[in-house]
Structures are given as C-alpha cells and as structure tokens.
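K.L.:
Structure for this input, please:
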Amino acid sequence: MSKTSGTPAPTCPICGRPSAEETRPFCSRRCADVDLARWLGGVYRVETDERAEENFDG
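P.N.:
Modelled structure (predicted):
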C-alpha cells in the first residue's frame, strides 16, 4: 500500500528543506541545534499569566 495522501512532505521550520526522518521535524542536526540555541537564548518564549518568582526555595 502506498503512502501518498496528497499532502506535501513536511519541511524544516528553520531552513524550509524537506525534513529528515532521523531529525524530524528538522532536515539536519544543524537545524535542530539552531532551534535549540534559539530556545536557550530566549528568542522563543511561552507567554503565561504567572509572575516570575524571585526565590524558588519557597
């Protein structure tokens, strides 16, 4: 049975090339690392209504 469903192949969210199965949704390990660096650098953020805590010790 073939897998053709009429939908386009997923593309890498960083560079737009077709994604690779082993690094999905990215096309390569490099693009996955670029995405991780963006998260760690604060480029991507998840907005919340919670206030930032100054002291996490309770």
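K.L.:
wait, doesn't residue 24 sit right on residue 11?
P.N.:
No - assessed by Cβ atoms under 8 Å, residue 24 is found out of contact with residue 11, at 10.9 Å. From N, CA and C alone the C-beta is placed, and that goes for glycine too.
K.L.:
Where does the prediction get shaky in the chain?
P.N.:
The chain contains residues with pLDDT under 70 at 1-4, 52-58.
K.L.:
Count the neighbours of residue 34 for me.
P.N.:
As a burial measure, residue 34 scores 15 neighbours (other Cβ atoms under 10 Å).
K.L.:
Spatially nearest residue to it, not counting backbone neighbours?
P.N.:
Spatial nearest neighbour of residue 34, chain neighbours left out: residue 14 (5.3 Å); criterion: Cβ to Cβ, 6 or more residues apart in numbering.
K.L.:
quick one, which of residue 24 and residue 11 is more surrounded?
P.N.:
Taking other Cβ under 10 Å, residue 24 and residue 11 do not tie; residue 11 has more neighbours (14 against 11).
K.L.:
Who is that one paired with across the strands?
P.N.:
Beta bridges link residue 11 to residue 18 when assigned by DSSP bridges.
K.L.:
How much space separates it from residue 20?
P.N.:
11 Å (Cβ to Cβ, to the nearest Å).
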